[in-house]
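Engineer: Sequence and predicted structure below; questions after.
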Amino acid sequence: MKNDILLLRWWRSEQELNLATSNKKSMTASDITLLARKILVGIIVTLVPFLILFGGLWLTKNVLNKNRHEGSSVQTTK
């Protein structure tokens, strides 16, 4: 009985292996474009938060430096 179960498992795994190898399909042009689009969207989704963060830091730095320079350029009169 145990040998029958092992044989059945082996035979079933052989069938699954044969099905997996017999259903090989090559990638079509639409598959490649879909993959490229997904990669591009992933890159954009990753970069947008960084651009927002560093853009905000750059803007803050420029605004603070501008205010500092404007404050120091005021001349006092006697």
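Structural biologist: Ah, there it is.
Engineer: and Leu35, what does it touch?
Structural biologist: Met27 (CB atoms under 8 Å, 6 or more residues apart in numbering). Every residue, glycine included, has its C-beta placed from N, CA and C.
Engineer: Tell me the spacing between it and Ile43.
Structural biologist: Noted for Leu35: a distance of 13 Å to Ile43, by CB to CB, to the nearest Å.
Engineer: now swap in Leu64 and tell me
Structural biologist: Between Leu64 and Ile43 the computed distance is 32 Å (CB to CB).
Engineer: Now the strand or helix carrying Ile43: average pLDDT?
Structural biologist: Assigned by DSSP states H and E, Ile43 belongs to helix 29-72. Mean pLDDT, helix 29-72: 92.
Engineer: Any idea how many residues pack against Lys25?
Structural biologist: Lys25 has 6 neighbouring residues, counting by other CB atoms under 10 Å.
Engineer: do Asp31 as well
Structural biologist: With neighbours defined by other CB under 10 Å, the count for Asp31 comes to 11.
Engineer: ok, now the one 5 residues further on?
Structural biologist: The burial count assigned to Ala36 is 10, neighbours taken as other CB under 10 Å.
Engineer: before we move on, what about Leu64?
Structural biologist: For Leu64, using other CB under 10 Å, the count is 10.
Engineer: can you check the one 5 residues further on too?
Structural biologist: By the criterion of other CB under 10 Å, His69 has 9 neighbours.
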